[in-house]
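Chemist: the sequence and its predicted three-dimensional model are supplied below.
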Protein chains: 2
Amino acid sequence: MEIDVSGAADGWIRLVHLSPPSLQDNTADADRLINQLKKQLNTKCIKIDLNVLQQLPVRLRGWGYAARCVVVKERDADLWHLIGILNPLENQRVVGAAVDLGTSRVVIRLVELSTGKRLFNASFDNPQLGVGPDILTRIHACDQLGGLEKLNRMIIDELNRQIRNACLASGIDTSDVYLLALAGNTTMTHLFMGLSPRWLIREPYIPVVNSPDVQKADAYGLQINPAGRVFILPNIGSYFGGDLIAGILHSGISRQADPAILVDVGTNAEVVLGNDSWLVACAGAAGPALEGGMAQIGMMAGPGVIDRLRIDPDTRAFQVHTIDEMLPMGICGSGMIDLAANLFLAGMIDLRGRFVPEVCGRKLVMQARIPYLEIVSANESGTGQPLMISQVDLDSLIRSKAAMYTILETITESVGMALTELKTFHVAGTFGAFIDPVSAVTIGMLPDLPPDTFQSLGNTSLEGATRVLTSCESMTTIEGIKEKITYLELNVNQTFMNRFSAAKFMPHTDRSRFPSVKTA
Amino acid sequence: MEIDVSGAADGWIRLVHLSPPSLQDNTADADRLINQLKKQLNTKCIKIDLNVLQQLPVRLRGWGYAARCVVVKERDADLWHLIGILNPLENQRVVGAAVDLGTSRVVIRLVELSTGKRLFNASFDNPQLGVGPDILTRIHACDQLGGLEKLNRMIIDELNRQIRNACLASGIDTSDVYLLALAGNTTMTHLFMGLSPRWLIREPYIPVVNSPDVQKADAYGLQINPAGRVFILPNIGSYFGGDLIAGILHSGISRQADPAILVDVGTNAEVVLGNDSWLVACAGAAGPALEGGMAQIGMMAGPGVIDRLRIDPDTRAFQVHTIDEMLPMGICGSGMIDLAANLFLAGMIDLRGRFVPEVCGRKLVMQARIPYLEIVSANESGTGQPLMISQVDLDSLIRSKAAMYTILETITESVGMALTELKTFHVAGTFGAFIDPVSAVTIGMLPDLPPDTFQSLGNTSLEGATRVLTSCESMTTIEGIKEKITYLELNVNQTFMNRFSAAKFMPHTDRSRFPSVKTA
């Protein structure tokens, strides 16, 4: 998929032709260029970076008073910056880097700004994993002396290394990278900016900043073009980050008249419901089970991880599919959902998600009084050990799916809609890419909508950040999104708890909500 | 004289009191502060420097959500920057540095921004004198490889050294210096910014930039507060620099209804005529004689230099006054003017400025066929040699004074005024500080106006730069001045040459223009 670059060609890169100076028109070089750019950009104010200004007289004269100008706009002021001036006769690449700054994985993508062409993708572990696997551990690590600086340096250094490698692989120089757009959760962007995340997790949960200004790359220690600029997608609050704003931007729900929903599932479930005139958002703990983080054999999606699973309804034989079709080593969130759905359809678990011993047969064993079901036998597994799922794992999954459904029910109800009215249901992230919506509906995690209602959006953080690079208007669009969003605090009150309890059944206490789910 | 600081207290430094965050109001720290500042500054957009943002959460909490904020405005966009955040209960000094960047001498002044109090003045030789004494030599030096970088480093390094010393002497830290305002001629500001001055002296005489943007001090390599900003007073063209804009700002001629004139005399004479609705400016070569640069005994004003001189009309004895009352070593511009005026009044030179041998007597000697007049005898001089003035020196002075008068005549005539209509005549610079207007009128360099019409403004560059520091509106005022100015190209045509020829007489061919000048 090539993205929309309608705004790009006359976006950040502008070709200008100036009349040369004369005794009759002795306007200074900078003023001559600025006056012309002001017209083309329809703006009142343009600033020139000092290093560009220093290059200006020789370059303008060498190029016959024509130039390709790299410009960038302030977030919310009518002010543009001229950050690069290039030979109009050469087609030197002007590149942007989109960054999805995840807690666990980071993805960078190089994009040619004039064409929107994607040059390179790289993904790598967030080096902060060395300090702690999750957000909380890292925030606490910042309480130690030098902790914040350490975490900040880790990510900046690794980004520099990865951008350098990506440039090398793409045959460009790091100085060709003029823009970087970054989307991440509130904690990750705070750590990136060197801002203390301490107050994000302490009542009343206050970020240092919600809408970071456009800054120079070198202010962050990023080694791209010295005049390069960094866009950071804004967050709405401590628990609602720029990654989700990127998702809204990419999904397009804020541009359509029909209400649609966007769900991003990780440790938190983040949900946005809305259309072109309103947006409601909420976030809630859906539990790490959906990421495969909780089960003993749970793993993040990766080679050898079970991502799809079927149980033959007659033989009850397990058919597992692993990523890269290697021997199975563990199971990820989408595999877990397939597993639970198929166990339910095969009658191996009951309405409450409890193993049914008489159906499970000898695959079910007791270890320390906890029932375990063998999914893959020792001689079929990549670990030499059988892959087992416990009742505890299943209980955890069921709490997660119940939380997810309750959040969806609560947010739609808050605007007086029913879940069944949704025409489009976007599912973001790795989770969305791998999940089988039929399985998710079967266990009652997602509402019972026609399968083609569910749309997997892939890495919405990365796509949103990419869009910021390729469309000048994106940052303005984002400000509009931010202003439209009403953040719904999920009050865990009696109504919520009642809904949650009802959703802890397979697929739901109210069976009529899931007509498509047919059990034996 | 203490300057106007009406704008300063609520200028760059703003006291804010914020309501602390709560679960009901979980606005991010930065947004909370910005929202309040926007109201106080009546602006739509404020950016926060990254280092300030990083300090924000701890400081705001430590100070009970109150702070003294250091803010600064973009030159011509509705955008402010928050560049410092200080304890509201401490009275930490916030300082600005005003710089008069002269070709020969540089003056810096530290000013407390909250009170306008002047903390320290220092003046020192422009270290670029080591490369060349005048503008032309330095511009040519830039044609050599690394020449521009060398000249740029010379002035930046010296400014850093002098600012460091000035801070030390004032008991402040260089990080207390948040603003620097600099006024200089177009070449000096180009060299300061690292911009090639090459095209300033080549037809069609194009500066790289006329209105430099507000930049961070570290972009220039200046070692003040890392978030500090630099204002550079704009120039109108190659030959009309920010020093003169500073002069217009300081003189106030652009704020008054009555037309007034401002003259800044150096190697070039720069003249501005106007009032609150129009301004006409021109610059022309007045000759270095007026700076004392040409005569063999000519010197810049300094200790032991004759700055005032009288000739007893009866005895024709010379009474010289030297700066610091040391033994005389040479003569500066104001001394030369006194000398020429007194020689003329005593009948020792004629209408054309030629020595009259029968009146001069034995003080007049011939050396290599050139007549020399002894001003100070060998045993009264500080050099052990007699101080002599030659006919060549006098001729040069007369050409300079004639050029000056012709420029004044031309500019007033261009707006249909007569020189005699001027109610205020500002004379800027060292020249203005030392010159005796009566002498200048006597030789016909300045028009024959009542002596109290002439006002010496002192170092208008420094004063203008100081005003930029102490009044937030100054940069806007300056933009207004720039827009109002019409630059008058001095066409050296027949009319000009006729006027020049007429002005080469003492005081003028048209004696009726100088009724106050009574010769014996």
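Modeler: Thanks, I have the structure now.
Chemist: model confidence for the closest residue in space to A:Lys401 that isn't next to it in sequence, exactly?
Modeler: Of all residues not flanking A:Lys401 in the chain, A:Met445 sits nearest, at 3.7 Å (C-beta to C-beta, 6 or more residues apart in numbering or on different chains). Any C-beta I mention is one placed from the backbone N, CA and C, and that applies to glycine too. For A:Met445, the pLDDT comes out at 94.
Chemist: also A:Thr267?
Modeler: 65.
Chemist: A:Asn42: neighbour count?
Modeler: By the criterion of other C-beta atoms under 10 Å in any protein chain shown, A:Asn42 has 7 neighbours.
Chemist: ok, the residue nearest to A:Lys401 - contacts?
Modeler: Applying C-beta atoms under 8 Å, 6 or more residues apart in numbering or on different chains to A:Met445 gives the contacts A:337, A:400-401, A:404-405.
Chemist: the residues you listed in helices, which ones?
Modeler: Counted as lying in helices by DSSP state H, out of those, are A:337, A:400-401, A:404-405.
Chemist: can you map out the helices along the stretch 1-150 of chain A?
Modeler: Remark: helices assigned in the stretch 1-150 of chain A by DSSP state H, counting those that start in this stretch are A:29-41, A:50-62, A:135-141, A:147-170.
Chemist: ok, now the stretch 251-400 of chain A?
Modeler: Counting by DSSP H, counting those that start in this stretch, the stretch 251-400 of chain A has helices at residues A:333-345, A:357-360, A:391-414.
Chemist: any idea which of those helices gets closest to B:Gln296?
Modeler: Proximity to B:Gln296 (C-beta to C-beta) singles out helix A:391-414 among the helices of the stretch 251-400 of chain A, at 91.4 Å.
Chemist: tell me which residues of that closest one come out buried.
Modeler: Buried positions in helix A:391-414, judged by neighbour count with 16 or more other C-beta atoms under 10 Å in any protein chain shown: A:391, A:393-412.
Chemist: picking up where we left off before, can you redo the helices of the stretch 1-150 of chain A as a markdown table, where the extra columns are distance to chain B?
Modeler: Formatted as a markdown table, these follow (distance: least, C-beta to the nearest C-beta, whole Å):
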| stretch | distance to chain B |
| --- | --- |
| helix A:29-41 | 4 |
| helix A:50-62 | 5 |
| helix A:135-141 | 13 |
| helix A:147-170 | 9 |
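Chemist: switch those helices over to a markdown table; also include mean neighbour count.
Modeler: Below are the helices of the stretch 1-150 of chain A laid out as a markdown table (neighbours: other C-beta atoms under 10 Å in any protein chain shown):
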| stretch | mean neighbour count |
| --- | --- |
| helix A:29-41 | 19 |
| helix A:50-62 | 18 |
| helix A:135-141 | 18 |
| helix A:147-170 | 18 |
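Chemist: TSV please, covering those and showing mean pLDDT.
Modeler: Shown next, in TSV, are those (pLDDT from 0 to 100):
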stretch	mean pLDDT
helix A:29-41	96
helix A:50-62	97
helix A:135-141	96
helix A:147-170	98
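Chemist: B:Gln215: which of those helices is closest?
Modeler: It's helix A:50-62; of the helices of the stretch 1-150 of chain A, that one is closest to B:Gln215 (C-beta to C-beta) at 5.6 Å.
Chemist: and the angle from that closest one to helix A:29-41?
Modeler: Counting by axes from the mean of the first three to the mean of the last three C-alpha atoms, to 10 degrees, helix A:50-62 lies at 90 degrees to helix A:29-41.
Chemist: which positions in the stretch 1-150 of chain A make contact with chain B?
Modeler: A:21-23, A:25-31, A:44-45, A:47-48, A:50, A:53-54, A:56-58, A:74, A:76-79 (C-beta under 8 Å from any C-beta of the partner chain).
Chemist: the residue nearest the centre of chain A: what secondary structure?
Modeler: By C-alpha atoms, centre = their mean, chain A has its centre lying nearest to A:Ser461, at 3.0 Å. Three-state assignment for A:Ser461 (DSSP: H, G, I helix; E, B strand; the rest coil): helix.
Chemist: thought it was touching A:Leu249?
Modeler: No - contact between A:Ser461 and A:Leu249 fails when scored by C-beta atoms under 8 Å: they sit 10.1 Å apart.
Chemist: list the contacts for the closest residue to chain B within the stretch 51-200 of chain A?
Modeler: With C-beta to the nearest C-beta as the measure, A:Ala77 is the residue of the stretch 51-200 of chain A nearest to chain B, at 3.8 Å. Going by C-beta under 8 Å, 6+ apart, A:Ala77 touches B:44-45, B:47, B:77-79.
Chemist: cool, A:Ala341 as well?
Modeler: A:Ala341 sits next to A:436, A:438-440, A:442-443 when contact means C-beta under 8 Å, 6+ apart.
Chemist: and what of A:Val230?
Modeler: A:179-182, A:214-217, A:219-220, A:222.
Chemist: and these, which of them are in strands?
Modeler: Using DSSP state E, the subset of those located in strands is A:179-182, A:215-216.
Chemist: in a markdown table, list those along with pLDDT, distance to B:Leu101 and neighbour count.
Modeler: Converted to a markdown table, the ones in strands among the contacts of A:Val230 look like this (pLDDT from 0 to 100; distance: C-beta to C-beta, whole Å; neighbours: other C-beta atoms under 10 Å in any protein chain shown):
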| residue | pLDDT | distance to B:Leu101 | neighbour count |
| --- | --- | --- | --- |
| A:Leu179 | 98 | 35 | 26 |
| A:Leu180 | 98 | 36 | 26 |
| A:Ala181 | 98 | 40 | 28 |
| A:Leu182 | 98 | 40 | 29 |
| A:Gln215 | 96 | 30 | 20 |
| A:Lys216 | 96 | 26 | 20 |
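Chemist: which one of these sits closest to A:Ile481?
Modeler: Distances from A:Ile481 to the ones in strands among the contacts of A:Val230, taken by C-beta to C-beta, are shortest for A:Ala181, at 15.0 Å.
Chemist: identify the bridge partners of the closest one.
Modeler: Taking DSSP bridges as the rule, A:Ala181 bridges to A:Ala98, A:Phe231.
Chemist: which other residues reach the helix or strand bottoming out on mean pLDDT in chain A?
Modeler: When the helices and strands of chain A are scored by mean pLDDT, DSSP states H and E, helix A:429-434 comes last with a mean of 75. The contact list for helix A:429-434 (C-beta under 8 Å, 6+ apart) reads A:263-266, A:290-291, A:300-301, A:307-308, A:332-335, A:426, A:456-461.
Chemist: what strand or helix carries the closest residue to A:Asn26 other than its chain neighbours?
Modeler: Among residues not flanking A:Asn26 along the chain, B:Pro204 sits closest, at 5.2 Å (C-beta to C-beta, 6+ apart). Using DSSP states H and E, B:Pro204 sits in no helix or strand.
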